[in-house]
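**Q** Sequence isn't available, so here's the structure alone:
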């Protein structure tokens, strides 16, 4: 039996890795494809970092809608040949439009995962992400975390038997067995002064189809923070060069490292992303989310006092001073200890 995992973001490499390992133990032929062209190298760098074999197909398409569309059409044509070549029976993805369209068109079983179907948490389908509209309705099965209501998927055309709930936030699948190593960070980022506080910052994925604008206040926050007597570390979302030029007092990461080690020893995380924000909360690091909307899992973390949200420069700076010395380690243990990862459940649902 051949199962194809199609990846479009680094997160899915981490999420699917334990599932892939278990499938291989059961002699399932696993093929991994990535959307990691020259215009978006982050995914392939992560796959290389974790020594995963993969086939890189197509490219991201850039920030424009036309560019994304043309890249998607070209990639679908190439994926058709891969599915046929390996006689794929099941495709698994984080709701990647390309492979969903190809698999559905070829009559191949489609299994989707996605923890953020809407740009918000009020279950308004008008806020559904573009890729969700183009993928979820084609699903044979959908897996979703407990924080996302089932009704969203039912309103997208599925029935209850197709929607399978799991009882954890996505990063727990790779963090539950992770052991932070401070020596790894000392080696990879020797510029860090561990006698000072560490603030880590990540941009929003502003080229993504679900993000409307790149907000200037975010960079004004960085400009203010770099004058503090701290370690200010910026994780670029895309290119690093302009960040190094603009923020000369900050440490701008240019090479791919295992970021979880850094997060574990940070004092505060400020980010416009999703997955990495959750990861930081797992380690008891206070998180200020600067994303342009609040997702279902953001709302869960905010309600549990592990995350704060703001799109205002002055408020973010105020929260920074307030939270910089207030680790949330105990609260994080309480919240995450109630979650359970069941790899066998995923594997059984994929192959049955």
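**A** Nice, thanks for sending it over. Everything numeric here is computed off the predicted structure, so don't read it as measured data. Residues are numbered from 1 along each chain as shown.
**Q** quick one: the closest residue to residue 306 other than its chain neighbours from residue 308, how far?
**A** In space, and not counting its chain neighbours, residue 306 is closest to residue 281: 4.1 Å by CB to CB, 6 or more residues apart in numbering. All C-beta atoms are positioned from the backbone trio N, CA, C, and that covers glycine. For residue 281, the distance to residue 308 equals 11 Å [CB to CB, to the nearest Å].
**Q** between those two, which one's more packed in?
**A** Just comparing residue 281 and residue 308: by other CB atoms under 10 Å the higher neighbour count belongs to residue 281, 27 against 19.
**Q** Do me a favour and get the end-to-end distance for stretch 322-331?
**A** The first and final residues of stretch 322-331 sit 17 Å from each other (CA to CA, to the nearest Å).
**Q** Going by neighbour count, list what's buried in it.
**A** 323, 324, 327, 328 (16 or more other CB atoms under 10 Å).
**Q** farthest-separated two in those?
**A** Pairwise distances across those (CB to CB) peak at 12.2 Å, for the pair 324 and 328.
**Q** joint contacts of those two?
**A** Common neighbours of residue 324 and residue 328, using CB atoms under 8 Å, 6 or more residues apart in numbering, are residue 286.
**Q** got the buried residues for the helix or strand that contains residue 76?
**A** In this assignment (DSSP states H and E), residue 76 forms part of helix 65-85. By 16+ other CB under 10 Å, the buried positions in helix 65-85 come out as 68, 71, 72, 75, 76, 79, 82, 83.
**Q** Then stretch 247-267?
**A** Residues 247, 250-253, 257-267 are the ones in stretch 247-267 that count as buried (16+ other CB under 10 Å).
**Q** Just name the closest of these to residue 192, please.
**A** Nearest member of the buried residues of stretch 247-267 to residue 192, counting by CB to CB, is residue 251, at 7.1 Å.
**Q** Wait, the closest one touches residue 234, no?
**A** Yes. With contact defined as CB atoms under 8 Å, residue 251 reaches residue 234; the gap is 7.0 Å.
**Q** name the helices or strands packed onto the helix holding residue 76?
**A** Applying 3 or more CB pairs under 8 Å, 6 or more residues apart in numbering; DSSP states H and E, we find helix 65-85 packed against strand 2-7, strand 29-34, helix 97-106.
**Q** before we move on, back to that, tell me which element the residue nearest to residue 306 is part of?
**A** helix 275-282.
**Q** Would you map out the domains in the chain?
**A** Structural domains assigned to the chain are 2-166, 182-336, following automatic domain parsing.
**Q** What's the end-to-end length of the longest one?
**A** From its first residue to its last, domain 2-166 covers 24 Å (CA to CA).
**Q** Please give the three-state secondary structure assignment for residue 228.
**A** coil (DSSP: H, G, I helix; E, B strand; the rest coil).
**Q** Next, find the distance separating it from residue 219.
**A** 16 Å.
**Q** list residues touching both of residue 281 and residue 308?
**A** residue 287.
**Q** Pull the distance from the helix holding residue 281 to the chain's centre.
**A** Helix 275-282 sits 10 Å away from the centroid of its parent chain (CA atoms, centre = their mean, to the nearest Å).
**Q** what residues does that helix touch?
**A** The contact list for helix 275-282 (CB under 8 Å, 6+ apart) reads 11, 169-172, 175, 200, 202, 235, 259-260, 263, 266, 269, 271, 287, 289, 291, 297-298, 301, 306-307, 328, 332, 336.
**Q** For PyMOL, what selects the buried ones among those residues?
**A** Remark: buried members of the contacts of helix 275-282, expressed as a PyMOL selection using 16+ other CB under 10 Å:
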select buried, resi 11+169+170+171+172+175+200+202+235+259+260+263+266+269+271+287+289+291+297+298+301+306+307+328+332+336
